[in-house]
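**Q** fold the following for me, if possible:
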Amino acid sequence: MALKPAIGVIGGLGPQASALLYQLLVDRARYHTDLRDTADYPRIVLVSTSIPNYLSTGEATDPAIMAQVIGLVQEEVRVLEQAGSIVIGIACNTAHLALDALQAVTSVPFLSIMDLMQDAARPFKRPGLLSTRLTKQTGLYDTVHPALFVPDDSVLEQAETWVFKLLDGSLTPEDAEEFHRFVEDYQKTNELDAVLLACTELPVVYGPANRPSIVSTLDVLADGLLSYYYRHV
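**A** Okay, here's the model as predicted:
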């Protein structure tokens, strides 16, 4: 019996977000196909690439370092292609800066989180961005919504504190509760009808986004990958 085609995932940037994306792909498959047997779930190939967190070191804007990083991730793309992936997603927003360079080494299509978020944000009149400062600076979300509210860097710097706690393993349940209050205050203070969690670590900290006004990049990416996969398998 031959292996089925696969959903490919570039993970490790960071690992917790990648693990949640895998869980979402399994949990949300039932919304995209009739699950009668384990064989009805998607085949998933996840590579957890191991590179430093250049967001925290401040080297993410160094062209020489980024060229090396892109070269390493391109090798992971080739692994996913050889493993039978028919679509690929990246469990990191900022890494989409390298999307063109990664797409250049494979014929397997990548799904852009920003394109998917554009569709997810369309029903809202005034969504607000929560991301890292670096993601904001890249301009990746500039065209996601014409009325997107983008906060001052001081607000995003606060959001980053929960990202770093998650990545270094120090996040507590109390931290997660504090982040919930932070998101609620951010939404109310700026009169937003939605908040886009535009760093893939933030949905991990927040937990299940049970309110329609909380838009998780990982939820959106999982649904996009599953939709593509089941249309083509």
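**Q** okay, now the domains of the protein?
**A** Using automatic domain parsing, the domain ranges for the chain come out as 6-112+220-232, 115-216.
**Q** what is the end-to-end distance of the first one?
**A** Its first and final residues considered, domain 6-112+220-232 spans 11 Å by Cα to Cα, to the nearest Å.
**Q** what mean pLDDT does that domain get?
**A** Here domain 6-112+220-232 scores 91 as its mean pLDDT.
**Q** that domain: how far from the chain's middle?
**A** Averaged C-alpha coordinates place domain 6-112+220-232 at 9 Å from its chain's average position (Cα atoms, centre = their mean, to the nearest Å).
**Q** buried residues of the helix ranked longest in the chain, list them for me.
**A** When the chain is parsed with DSSP state H, its longest helix is helix 63-82. By 16 or more other Cβ atoms under 10 Å, the buried positions in helix 63-82 come out as 66, 69-70, 73, 76-77, 80-81. Backbone N, C-alpha and C define where each C-beta goes, glycine included.
**Q** repeat that for stretch 29-44.
**A** For stretch 29-44, the neighbour count (16+ other Cβ under 10 Å) marks 29, 32, 42-44 as buried.
**Q** closest to residue 201 out of those residues?
**A** residue 44 (20.2 Å; Cβ to Cβ).
**Q** and that closest one, what helix or strand is that in?
**A** strand 43-48 (DSSP states H and E).
**Q** partner strands of that strand and their direction?
**A** According to DSSP bridges, strand 43-48 has the following sheet partners: strand 6-11 (parallel).
**Q** which SSE is immediately downstream of the partner strand?
**A** helix 15-27.
**Q** other residues contacting that next one?
**A** 7, 9, 11-12, 41-42, 44, 46, 48, 89, 91-92, 166-167, 200-201, 203-204, 218-219, 221-222, 225-226 (Cβ atoms under 8 Å, 6 or more residues apart in numbering).
**Q** was I right to think residue 149 contacts residue 189?
**A** No - using Cβ atoms under 8 Å, residue 149 makes no contact with residue 189, being 10.6 Å away.
**Q** please identify which of those two sits among more neighbours.
**A** residue 149 (17 against 11; other Cβ atoms under 10 Å).
**Q** strands along the chain, start to end?
**A** With strands called from DSSP state E, the chain shows them at 6-11, 43-48, 85-90, 127-130, 194-197, 214-216.
**Q** in the fifth one, what counts as buried?
**A** By neighbour count, with 16+ other Cβ under 10 Å as the criterion, the buried positions of strand 194-197 are 194-197.
**Q** looking at these, which is nearest residue 37?
**A** residue 197 (33.4 Å).
**Q** and that closest one, what are its bridge partners?
**A** Taking DSSP bridges as the rule, residue 197 bridges to residue 130, residue 216.
**Q** and it, what is it in contact with?
**A** By Cβ under 8 Å, 6+ apart, residue 197 lies in contact with 130, 203, 206, 209, 214-217.
**Q** and those, which two are furthest apart?
**A** Greatest spatial distance in the contacts of residue 197: 130 and 209, 12.1 Å, computed using Cβ to Cβ.
**Q** neighbour count winner among these two?
**A** More neighbours surround residue 130 than the other of residue 130 and residue 209, with 27 against 16 (other Cβ under 10 Å).
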